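Undergrad: what's the 3D shape of this:
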Amino acid sequence: MNIRCATPEDLLNIQHCNLLCLPENYVMKYYMYHSLSWPQVSYVAEDECGRIVGYVLAKMEEDSEDAPHGHITSVAVKRSCRRLGLAQKMMVQSYRAMVENFNAEYVSLHVRKSNRAALHLYRDALKFTITEIESKYYADGEDAYAMKRDLTPLKAEMAEQRKSNAPKPPSKLLALVRQYAAKDTNQSEETAVHSA
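TA: Sure thing, here's the model as predicted:
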């Protein structure tokens with residue numbers, strides 16, 4: 001299985017996966033809006049033959065007075081590929097991209113109160129917390145848990161990784177070697193000038 005950033009060419013297959021897996025479906029224009037506005041934060045999982053078997057559709061919240069944050073719009077994995085950790089891996093990739101590209105402070109999502117498998121993934125594996133219950137959130141009248149995951153620890157971890165991967169300043173020994181090499185070069189140039 002391969003997880004990669006979604007592209008506009010993937011949108012028909014993402015929509016197909018959505019129709020197979022979820023009761024909340026979207027028009028193609030909605031997928032296109034996500035793909036063109038925030039191309040860095042949506043991901044797909046594909047099998048060995050390159051067929052899309054799952055996706056995370058995500059965005060950044062633009063109109064908020066709040067700190068910069070992302071939102072997971074939709075997550076689905078085809079039934080034949082579930083229990084492989086694909087949803088979790090795609091979600092992690094998505095919110096890492098939110099931090100890296102948009103400096104996101106947190107990520108939010110909604111989940112049906114009856115969707116125990118998704119609730120387990122979000123709360124137990126991905127450390128989201130329930131912030132409120134939104135009454136009749138879904139078109140069929142079902143309530144949703146509004147959930148949120150703080151990304152500030154991830155931001156700190158990513159900053160630390162960047163620091164540790166930064167080029168190290170030369171050691172004292174290397175500095176001395178460079179200093180002597182420069183001296184030898186200068187002496188050689190002086191000798192060449194005097195010989196001429």
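
Undergrad: In terms of helix, strand or coil, where does Ala67 fall?
TA: What DSSP: H, G, I helix; E, B strand; the rest coil gives for Ala67 is coil.

Undergrad: quick one: secondary structure of the residue nearest the centre of the chain?
TA: The centroid of the chain falls nearest to Ser94 when counting by Cα atoms, centre = their mean (2.3 Å). Here Ser94 is recorded as helix under three-state DSSP.

Undergrad: Also Glu62?
TA: coil.

Undergrad: Return the residues in contact with it.
TA: Contact analysis of Glu62 by Cβ atoms under 8 Å, 6 or more residues apart in numbering lists nothing. All C-beta spots, glycine's among them, are computed from the backbone N, C-alpha and C.

Undergrad: sorry, back to before: the residue nearest to the centre of the chain contacts Tyr43, correct?
TA: Yes - between Ser94 and Tyr43 there is a contact at 5.5 Å, judged by Cβ atoms under 8 Å.

Undergrad: Find the residues that touch each one of these two.
TA: Taking Cβ under 8 Å, 6+ apart as the criterion, Ser94 and Tyr43 both touch Val56, Ala58.

Undergrad: number of nearby residues for His110?
TA: 17 (other Cβ atoms under 10 Å).

Undergrad: no no, Lys148
TA: Residue crowding around Lys148 was assessed by other Cβ under 10 Å; the count is 17.

Undergrad: That one should be in a strand, yeah?
TA: Yes - under three-state DSSP, Lys148 sits within a strand.

Undergrad: list the contacts for it?
TA: Tyr106, Val107, Ser108, Phe128, Thr129, Thr131.

Undergrad: can you do 10 Å?
TA: Residues near Lys148 by Cβ atoms under 10 Å, 6 or more residues apart in numbering: His69, His71, Tyr106, Val107, Ser108, Leu109, Tyr122, Phe128, Thr129, Ile130, Thr131, Glu132.

Undergrad: for Arg79, same thing?
TA: So Arg79 contacts Leu20, Cys21, Val53 (Cβ under 10 Å, 6+ apart).

Undergrad: buried subset of those?
TA: Applying 16 or more other Cβ atoms under 10 Å to the contacts of Arg79, the neighbour count classes Cys21, Val53 as buried.

Undergrad: Which of the contacts of Arg79 fall in helices?
TA: Among these, the members found in helices (DSSP state H) are Leu20, Cys21.

Undergrad: Would you format the contacts of Arg79 as TSV with pLDDT and distance to Glu61 included?
TA: Listed next are those as TSV, based on pLDDT from 0 to 100; distance: Cβ to Cβ, whole Å:
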residue	pLDDT	distance to Glu61
Leu20	76	28
Cys21	76	24
Val53	89	28
